[in-house]
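A.B. asks: from the sequence below, what's the structure:
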Amino acid sequence: MALTKKRKEALSKFDTTKLYDLEEASQVVKDITNTNFDSTIDVAIRLGVDPRKANQMVRGTVSLPHGTGKDVKVLVLCTPDKEKEAKDAGADYVGLDDYIAKIKGGWTDVDVIVTMPSVMGKVGALGRVLGPRGLMPNPKTGTVTMDVGQAVTDVKAGKIDFKVDKFGIIHAAVAKSSFESKMIVENAHELISTIIKLKPTSSKGDYVKSITLSSTMSPGVKVEPKSV
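C.D. replies: Numbering: from 1, shown residues only. Coordinates of the predicted model:
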């Protein structure tokens with residue numbers, strides 16, 4: 001596939017074979033980002049785990065110090081007594097049966113769904129729609145809780161959840177290209193250090209095999225894992 005003019009220009013600005021430290025990599029990504037919108041900056045971390053084994057599944061949540069820069073749309077599926085709490089915390093959509101019917105009809109125009117243990121019976125029936133889109137609430141990520149207000153506040157403030165995919169890679173959006181380089185570094189560092197703390201005891205050899213930083217449509221910049 002022929003390289004576009006923009007991609008050739010981006011590739012000419014850095015050494016694709018070099019492993020950069022996190023600070024350098026974040027500045028390079030800012031320098032090579034050439035879009036007419038505020039691009040999302042992603043981190044891809046390849047781990048030395050076998051996700052097919054339950055004891056090597058890596059997943060969790062992290063609160064990014066500077067948020068993601070994205071306006072996160074939150075739906076809270078709750079009983080009427082919790083609706084005010086959810087709305088006061090800034091939830092974009094609040095309700096139960098009406099939204100369950102909408103989701104069954106294919107509506108998924110939200111980024112995060114928060115719900116309560118008592119209504120998981122109803123929400124569980126939406127697994128076929130929500131599961132493939134990564135929207136299924138889960139107690140491990142704090143999205144199935146009685147404290148729906150706090151859950152909404154956390155998500156709006158930059159709390160994200162992550163999960164290793166079938167190839168052993170964790171992908172996460174950690175910033176926008178308009179962020180200062182220091183903010184990108186601090187957000188990425190928070191994610192990576194959280195993942196390192198979650199190393200399964202059954203994982204042998206190198207745990208963090210590679211780290212790549214990129215923005216929307218930019219080439220990936222390789223990060224030296226030891227620099228984190």
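A.B. asks: does H171 have beta-bridge partners, and which?
C.D. replies: With DSSP bridges as the criterion, H171 is bridged to A44.
A.B. asks: the residue most central in space within the chain: what's its closest spatial neighbour, skipping adjacent residues?
C.D. replies: Centroid-nearest residue in the chain: A172, 3.8 Å away (criterion: C-alpha atoms, centre = their mean). Leaving aside its chain neighbours, A172 sits nearest to F162 (4.9 Å; criterion: C-beta to C-beta, 6 or more residues apart in numbering). Every C-beta, even on glycine, is put in place using the N, C-alpha and C of the backbone.
A.B. asks: run the chain-centre distance for the one helix or strand the one you found maps to.
C.D. replies: Using DSSP states H and E, F162 sits within strand 159-163. Centroid separation between strand 159-163 and its chain, computed with C-alpha atoms, centre = their mean, to the nearest Å, is 5 Å.
A.B. asks: just the buried residues of it, please?
C.D. replies: K159, I160, D161, F162, K163 (16 or more other C-beta atoms under 10 Å).
A.B. asks: mean confidence for that strand?
C.D. replies: On average, the pLDDT along strand 159-163 is 90.
A.B. asks: now do stretch 171-185
C.D. replies: Rounded mean pLDDT across stretch 171-185 is 94.
A.B. asks: and it, what's buried?
C.D. replies: A172, A173, V174, A175, K176, S177, F179, S181, M183, I184, V185.
A.B. asks: looking at these, which is nearest L198?
C.D. replies: L198 has its nearest neighbour among the buried residues of stretch 171-185 in A172, at 13.2 Å by C-beta to C-beta.
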